[in-house]
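Participant: got a sequence here, can you model it:
(one chain, ligands or ions: 1)
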Amino acid sequence: MKLPQQWTAQSAALALSRGYRHFRVVGEQGKGPSRALEIEAILNRAVRLVVPLQHLRDRGLWQPGWQSLSTPAVMQIIPAIDLLDGHCVRLHQGDYGQVTRFSDDPVAQALDWQRQGAQRLHLVDLDGAKTGQPVNDQVVKAITAALSIPVQLGGGVRSAERAEELLRCGLDRVILGTVAIEQPTLVSELAARYPGKVVVGIDAKDGMVATRGWIETSTVKATELAKRFEGTGVAAIISTDIATDGTLAGPNLEALRAMAEASSIPVIASGGIGTLEDILSLLAIAPLGVTGVIVGRALYDGTVDLAEALQAIGPERLQDALTSPTGSITV
Ligand code: AMZ
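Facilitator: A predicted model of the protein is given here:
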């Protein structure tokens, strides 16, 4: 049955939802318990999102995840610059053999994203992650000095001294990956000493933590490592799904949900963002504690427009401006 093409809002089941408050039904799939509605949400004047509810249900995100949309969804979009030998690059699934070089002027690239409205920049020293030694410090320092927004850095931060050196240089946050699994106490100590400044990077291959430039995979579950840092003052966990990183194939929502549920530490999603819809799909798990998303290749490729994405989930979005419901649906 084709449902009427009318704008709807505030249905009984969705009355609590502020994430997708304004939408219209564009289709229906299945019958009985497997019934799914396809909705198109208005997010701003330019963007519409088709959310197949079946898709959310399949992943267990609708019940009670759908209800959990009751909190206004807020998501920080963080552009990423991965540095290899001083250049802006992206790797495919973290493979150092599959490099795409996007810019030879990382400072100009960072300034451009700041100009487009980014509130934070994510930097990765890929040489540092692989070798454990800082390689791109000159560029890192130049970017940090040039920008007025906070900058965070991961890759090769393997000691308290190194973390402190970076914070002294003006980095807002340091990201610890390999050390988080090899010396978790060091991370807890740093987090206690520098509140809000220490982020744990948990990079997972099939749910298992990978380290040292993702060349090594451990036998520790990503969610178990996340639990380890509960209550330590770690500012956030950046959860990267290696299989999707650099592929533009969409985020691994199941893995992100598991990470968000593993601890009360805010989770920043990383890996797989290819379109604005991918970013918007994260709004469904925002209430579970997914507070930000890192976007890399999609910005370079132009499949995500940063300014548009910021507008779509920022305070100016049309869904918040529209207040009068024009119909309702029953689900
Ligand atoms: O792409 C990769 N191969 C890669 C990458 N992006 N390897 C590591 N990293 C990033 C992690 C994290 O932010 O996502 O480097 C940081 C971890 O580095 P380290 O040196 O602490 O393990």
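
Participant: pretty sure A180 contacts G201?
Facilitator: Yes. With contact taken as CB atoms under 8 Å, A180 and G201 are classed as touching, separated by 7.1 Å. (Glycine included, C-beta is placed from N, CA and C.)

Participant: so is stretch 142-154 next to the ligand?
Facilitator: Yes. Counting by CB under 6 Å from any ligand atom, contacts between stretch 142-154 and the ligand involve G154.

Participant: could the C-alpha coordinates of that stretch be exported in PDB?
Facilitator: These are the backbone C-alpha positions of stretch 142-154, laid out as PDB (Å, rounded to 0.1, in the frame of the first residue of the first chain):
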ATOM      1  CA  ALA A 142      51.900  25.000  11.700                       C
ATOM      2  CA  ILE A 143      48.300  23.800  11.500                       C
ATOM      3  CA  THR A 144      47.800  24.300  15.200                       C
ATOM      4  CA  ALA A 145      49.200  27.800  15.100                       C
ATOM      5  CA  ALA A 146      47.200  28.800  12.000                       C
ATOM      6  CA  LEU A 147      43.800  27.700  13.300                       C
ATOM      7  CA  SER A 148      41.600  29.200  15.900                       C
ATOM      8  CA  ILE A 149      39.500  26.000  16.400                       C
ATOM      9  CA  PRO A 150      40.700  23.200  18.600                       C
ATOM     10  CA  VAL A 151      42.900  20.600  17.000                       C
ATOM     11  CA  GLN A 152      43.300  17.000  18.100                       C
ATOM     12  CA  LEU A 153      46.100  14.600  17.100                       C
ATOM     13  CA  GLY A 154      46.600  10.900  17.100                       C
END
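
Participant: same question for that stretch, mean pLDDT?
Facilitator: The predicted model assigns stretch 142-154 a mean pLDDT of 98.

Participant: enumerate the positions of stretch 228-240 that are buried.
Facilitator: For stretch 228-240, the buried set under the neighbour-count rule, 16 or more other CB atoms under 10 Å, comprises R228, F229, T232, G233, V234, A235, A236, I237, I238, S239, T240.

Participant: leaving out the residues flanking it, which one is nearest to A255?
Facilitator: Taking CB to CB, 6 or more residues apart in numbering, and ignoring the residues beside it in sequence, A255 has D241 as its nearest neighbour in space, at 5.3 Å.

Participant: quick one: the one you found from the ligand, how far?
Facilitator: Counting by CB to the nearest ligand atom, to the nearest Å, the gap from D241 to the ligand is 11 Å.

Participant: wait, that residue touches M259, no?
Facilitator: No. Taking contacts as CB under 8 Å, D241 lies outside contact range of M259: 9.5 Å.

Participant: so what's the closest residue to T275 other than its chain neighbours up against?
Facilitator: Closest residue to T275 in three dimensions, ignoring its sequence neighbours and counting by CB to CB, 6+ apart: T303, at 5.8 Å. Residues in contact with T303 (CB atoms under 8 Å, 6 or more residues apart in numbering) are L248, G274, T275.

Participant: mind checking which of those residues are buried?
Facilitator: When burial is judged by neighbour count using 16+ other CB under 10 Å, the buried members of these are L248, G274.

Participant: and the contacts of T303, which is closest to G128?
Facilitator: In terms of CB to CB, no member of the contacts of T303 lies closer to G128 than L248, at 24.9 Å.
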